[in-house]
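Enquirer: Below are the sequence and a predicted model for it; my questions follow.
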Amino acid sequence: MTASSRLRALAEGLHEFYVGPYRRTFARAQRDEDDLFRMLVMSEMLGVPNPASYYTAELLPVLYDGFHDWHRRMGMERSPLEEYRCC
């Protein structure tokens, strides 16, 4: 084992030591941010006026894939959208 590979292994170990405990926190923060974005894009469909709905309409097909997980996380047993039934 060369000195550079030992240093690389040490750096990876230290990175994991410092980042590891916060991985769940970072993942939760990312999920919350994604949920907020999803709500903003789908707000018109949820009954909240959205002045930017013209620009966000093209993002809807991308967000439909995770819609079921999102409405379950938000505490809605069934889909809140009349025209989109996922469960």
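Expert: Good, I have the coordinates.

Enquirer: Mind jotting down where the helices sit in this structure?
Expert: 3-19, 23-41, 53-56, 60-63, 67-73 (DSSP state H).

Enquirer: Any stretches of this protein with poor pLDDT?
Expert: Low-confidence segments of the chain, defined by pLDDT under 70: 82-85, 87.

Enquirer: what do you get if the cut-off is 90, keeping everything else the same?
Expert: Where the chain drops to pLDDT under 90, the residues are 1-3, 18-21, 23-24, 35-87.

Enquirer: For burial, what's the neighbour tally of Leu57?
Expert: For residue 57 the amino acid is Ala, not Leu. Residues near Ala57, counting by other C-beta atoms under 10 Å, number 13. C-beta here means a position set from N, CA and C on the backbone, and glycine is covered the same way.

Enquirer: would you list the helices of the chain in TSV and tack on mean neighbour count and distance to Gly47?
Expert: Below are those laid out as TSV (neighbours: other C-beta atoms under 10 Å; distance: least, C-beta to C-beta, whole Å):
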stretch	mean neighbour count	distance to Gly47
helix 3-19	10	40
helix 23-41	12	12
helix 53-56	13	12
helix 60-63	12	15
helix 67-73	15	14
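
Enquirer: Export those helices as JSON lines, with columns for distance to Cys86.
Expert: Below are those laid out as JSON lines (distance: least, C-beta to C-beta, whole Å):
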{"stretch": "helix 3-19", "distance to Cys86": "35"}
{"stretch": "helix 23-41", "distance to Cys86": "13"}
{"stretch": "helix 53-56", "distance to Cys86": "19"}
{"stretch": "helix 60-63", "distance to Cys86": "12"}
{"stretch": "helix 67-73", "distance to Cys86": "4"}
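
Enquirer: closest one to Leu81 among those helices?
Expert: For Leu81, the closest of the helices of the chain is helix 67-73, at 8.2 Å, according to C-beta to C-beta.

Enquirer: which secondary structure elements does the closest one contact?
Expert: Helix 67-73 is packed against helix 23-41, with contacts defined by 3 or more C-beta pairs under 8 Å, 6 or more residues apart in numbering; DSSP states H and E.
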